[in-house]
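Participant: Predicted structure and sequence below. I'll ask about it afterward.
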Amino acid sequence: MNDIALAVIGGTGLYQLAELQGPQAHQPVTRYGALSGPIRVGMLDGHRVAFLARHGEGHAHPPHLINYRANLAALQAIGARRVLALNTVGGITGRFGPRVLACPDQLIDYTWGRISTLCEEPGTEVLHVDFGEPYTRELRAGVLAAARAAGVDLVDGGCYGATQGPRLETRAEIARMRRDGCDLVGMTGMPEAALARELGLDYACLAIVANWAAGAGPDVDEVITLQDVLDNVAAASAGLPALLRALLAG
């Protein structure tokens, strides 16, 4: 199945790609174990597109227990070469408020204890991949061009800070991340991006801002609710189908 034009990984609140026509489920076995759930492969405007729900279709897998290696290896096994990661995030700095869609160009990894490389097992090849630009430049450019063509507002750039989760962060942690230069905070950006690089996959992030991070918004005492998150994700991702169609056509 080497004609897959694009693989999409969905985050919190995005468990399916309704626009896929005739989707079929694939769940290949990988050397890294079980992936989060079935990969749905179908047609979108004449192109084969794969979709995988990162947390599982019933949101069963917390961020720190997702088998990122199996997910990416399985997408590669069915023929995917380009991966667009949808990540639900919190906004830290002014351009990145709720319902904003962003395409970050940098990240900082604050996670710990996750299997973060293909070099984990004894006897595997040691890979020292260049990760100065964590997202593939050409794919990012394609995503930005697709957004312009589709008339979708998309913020170009920003630094994604990946935290351990599943709890949300303290105000002090967000203040530190702001000092470090982070604009966005999420729980699934790493090790996914680094593993994609080790596998030789083109990889870009589309960050969907669901809420202000702790203490970052105009109301520092705001309590984040799951319903607010889901409502904001739905609003921010309304232009996603048009963006994907423009990306496939580009």
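Facilitator: That came through, no problem.
Participant: Just give me the longest helix of the protein.
Facilitator: helix 137-150 (DSSP state H).
Participant: how long is stretch 118-128 end to end?
Facilitator: One end of stretch 118-128 to the other measures 11 Å (CA to CA, to the nearest Å).
Participant: typo on my end, it should be stretch 122-132
Facilitator: 26 Å.
Participant: State the mean pLDDT of that stretch.
Facilitator: When pLDDT is averaged along stretch 122-132, the result is 90.
Participant: in that stretch, what's buried?
Facilitator: If you call a residue buried by 16 or more other CB atoms under 10 Å, then stretch 122-132 has no buried ones at all. The way it works is simple: take the backbone N, C-alpha and C, and place the C-beta from them, glycine included.
Participant: Contacts made by that stretch with the rest, please.
Facilitator: Residues outside stretch 122-132 that contact it (CB atoms under 8 Å, 6 or more residues apart in numbering): 117, 118, 119, 194, 197, 198.
Participant: Name the helix or strand for the fourth one, please.
Facilitator: Using DSSP states H and E, residue 194 falls within helix 192-199.
Participant: Can you show me the CA trace of that helix as CSV?
Facilitator: What follows is helix 192-199, C-alpha atoms only, in CSV (Å, rounded to 0.1, in the frame of the first residue of the first chain):
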residue,chain,number,x,y,z
GLU,A,192,6.6,11.3,18.3
ALA,A,193,8.5,13.9,16.3
ALA,A,194,11.9,12.4,17.1
LEU,A,195,10.8,8.9,16.3
ALA,A,196,9.5,10.1,12.9
ARG,A,197,12.9,11.6,12.2
GLU,A,198,14.6,8.3,13.1
LEU,A,199,12.2,6.4,10.8
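Participant: who's in contact with residue 216?
Facilitator: Here residue 216 is in contact with 90, 91, 92, 93, 174, 178 (CB under 8 Å, 6+ apart).
Participant: Now, these that are in strands?
Facilitator: 90, 91 (DSSP state E).
Participant: Export the contacts of residue 216 as JSON lines, with columns for neighbour count, distance to residue 218 and pLDDT.
Facilitator: Listed next are the contacts of residue 216 as JSON lines, based on neighbours: other CB atoms under 10 Å; distance: CB to CB, whole Å; pLDDT from 0 to 100:
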{"residue": "90", "neighbour count": "27", "distance to residue 218": "14", "pLDDT": "96"}
{"residue": "91", "neighbour count": "24", "distance to residue 218": "11", "pLDDT": "97"}
{"residue": "92", "neighbour count": "29", "distance to residue 218": "13", "pLDDT": "98"}
{"residue": "93", "neighbour count": "16", "distance to residue 218": "13", "pLDDT": "97"}
{"residue": "174", "neighbour count": "22", "distance to residue 218": "14", "pLDDT": "97"}
{"residue": "178", "neighbour count": "17", "distance to residue 218": "15", "pLDDT": "98"}
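Participant: which residues of this protein score low on pLDDT?
Facilitator: 1-2 (pLDDT under 70).
Participant: Strands of that one, residue ranges please.
Facilitator: Under DSSP E, the chain gives strands at 4-10, 21-26, 39-44, 47-53, 82-91, 101-103, 106-109, 155-156, 159-162, 184-186, 202-212.
Participant: Go through these and pick out the most buried.
Facilitator: strand 184-186 (a mean of 29; mean count of other CB atoms under 10 Å).
Participant: neighbouring contacts of it?
Facilitator: Strand 184-186 has contacts (CB under 8 Å, 6+ apart) with 11, 87-92, 96, 102, 104, 158-163, 169, 174, 177, 207, 209, 213.
Participant: beta partners for the nearest residue to residue 219 once chain neighbours are set aside?
Facilitator: By the measure of CB to CB, 6 or more residues apart in numbering, the closest residue to residue 219 outside its immediate chain neighbours is residue 212, 8.0 Å from it. Beta bridges link residue 212 to residue 91, judged by DSSP bridges.
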